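Chemist: Return atomic coordinates for the entry below.
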Amino acid sequence: MPDSLVPKTSAAVDTALVHEITADERAEIIALSGTLTGPRHPLIDTPQWLSTALNASSLLPRTLMRTLRAFRHDPGPQGTLLLRNLPVVADEQLPPTPGVPDSVEHVPTTAAAVIASVMLQLGEVIAFRNEKHGHIVQNVVPVPGREASQSNAGSTLLELHVENAFHGNRPDFVGLLSLREDPTGDAKLCTSSIRQALPDLDTDVLQVLAEPRFRTDPPPSFGAQAGNRSAHAILQGDLADPNIVVDFAATHPQDDMAKIAMAAMRDALIARMSAHHLKVGDLAVVDNRVTVHGRTSFTPRYDGSDRWMERVYAHLDNRRSRADRAGGGPVLG
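Modeler: Model prediction:
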């Protein structure tokens, strides 16, 4: 695996659609989150809490709702939305960064209420039973002993990827909310859209990428699950504006031409890549259909001060995955 996400050309840009939360909007969001937190509320993964969160999400500030609806309709050329200055704590204190495997949020907090409310306005929140036991709000934190893991627990370079690329019902949107910044300043979210990279790819390369000449393994976070490893195309749909299905750490070309085409696409994506330093209260929403994401390497301290993000998935069509969701709940088997 390449050890760098440094662009090989000067075409890279630091861009995303940005919505800065105003002081008035922040106050509204704090009030909204207060209706979802506290000891009187059930745990996050219960149907009762999710139903309450869905109702509350309709009370997000109008300007924010407009931004979310527009992004859902069309994620633009970059396929990434940055919401800045969201509240992540209110009355509660932010505890030390967790450092254990499969860390998730059970009890509703301000941060969990905020990310769930936003993602519920983009689609239906989902989780995967084989990933962190199917919990909705997941912590993305470095874990001792897993530094080299190509997963949310690692701290070495995380290759560009579509989230859960191997899965037929992968998320349409991935939300990452920053609760605590990396104290070293080295960890950055990297994103790159096939919409921006497409003009840099030759027609013969595009044709190979559009054919079922690739297989993708599940990520380490899914444990020993074998996953669906049938051959698939990397570029799917209309080649004038395709979806992308790839994980550069887990997608395997099945022939030499496929290997060459996949390498050419990686170069094109890196050339157009943006690196985002997420501050506390920044929520990055990645359109998982057109944009890959990764992370630069960093050195954890494991002293409670490390980088901490919360992650929530959403998809647009709740019927699409009904056969995989026992009882119609949000967890895919």
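Chemist: Kindly indicate whether the residue most central in space within the chain is helix, strand or coil.
Modeler: Taking C-alpha atoms, centre = their mean, the centroid of the chain lies closest to residue 174, which sits 3.1 Å from it. The three-state label given to residue 174 by DSSP: H, G, I helix; E, B strand; the rest coil is strand.
Chemist: can I assume it is in contact with residue 313?
Modeler: Yes: contact criterion C-beta atoms under 8 Å: residue 174 and residue 313 qualify, at 6.0 Å. C-beta coordinates here come from the backbone N, C-alpha and C atoms, glycine included.
Chemist: Which pLDDT value does the model give the residue nearest to the centre of the chain?
Modeler: Residue 174 is assigned a pLDDT of 98 by the prediction.
Chemist: what's the answer for residue 52, then?
Modeler: The score at residue 52 is 96. That number is its pLDDT.
Chemist: tell me which element it falls in.
Modeler: helix 47-57 (DSSP states H and E).
Chemist: pretty sure residue 63 is touching residue 24, no?
Modeler: No: in this structure residue 63 lies outside contact range of residue 24 using C-beta under 8 Å: 9.6 Å.
Chemist: Comparing these two, which residue is more hemmed in?
Modeler: Relative neighbour count places residue 63 above the other of residue 63 and residue 24, with 13 against 10, counting by other C-beta atoms under 10 Å.
Chemist: That one belongs to a strand, doesn't it?
Modeler: No: with three-state DSSP as the criterion, residue 63 is assigned helix and is not in a strand.
Chemist: Now do it against residue 21, distance only.
Modeler: Taking C-beta to C-beta, to the nearest Å as the measure, residue 63 and residue 21 are separated by 9 Å.
Chemist: what touches both of the two?
Modeler: Common neighbours of residue 63 and residue 21, using C-beta atoms under 8 Å, 6 or more residues apart in numbering, do not exist here.
Chemist: what's the helix or strand for residue 19?
Modeler: The secondary structure element spanning residue 19 is strand 17-20 (assigned by DSSP H and E).
Chemist: Given that strand, what are its sheet partners and their directions?
Modeler: Each strand pairing with strand 17-20, determined using DSSP bridges, is listed with its direction: strand 80-84 (parallel).
Chemist: distance between the strand it pairs with and the chain's centre?
Modeler: Its chain's C-alpha centre and that of strand 80-84 lie 12 Å apart, by C-alpha atoms, centre = their mean, to the nearest Å.
Chemist: now swap in stretch 252-261 and tell me
Modeler: What separates the centre of stretch 252-261 from the centre of its chain is 26 Å, taken as C-alpha atoms, centre = their mean.
Chemist: same question, stretch 163-179
Modeler: Relative to where its chain is centred, stretch 163-179 has its mean C-alpha point 4 Å off (C-alpha atoms, centre = their mean).
Chemist: same deal with stretch 50-69?
Modeler: From the chain centre to the centre of stretch 50-69 is a distance of 19 Å (C-alpha atoms, centre = their mean).
Chemist: Likewise for stretch 82-101?
Modeler: Between the mean C-alpha position of stretch 82-101 and that of its chain there is a distance of 17 Å (C-alpha atoms, centre = their mean).
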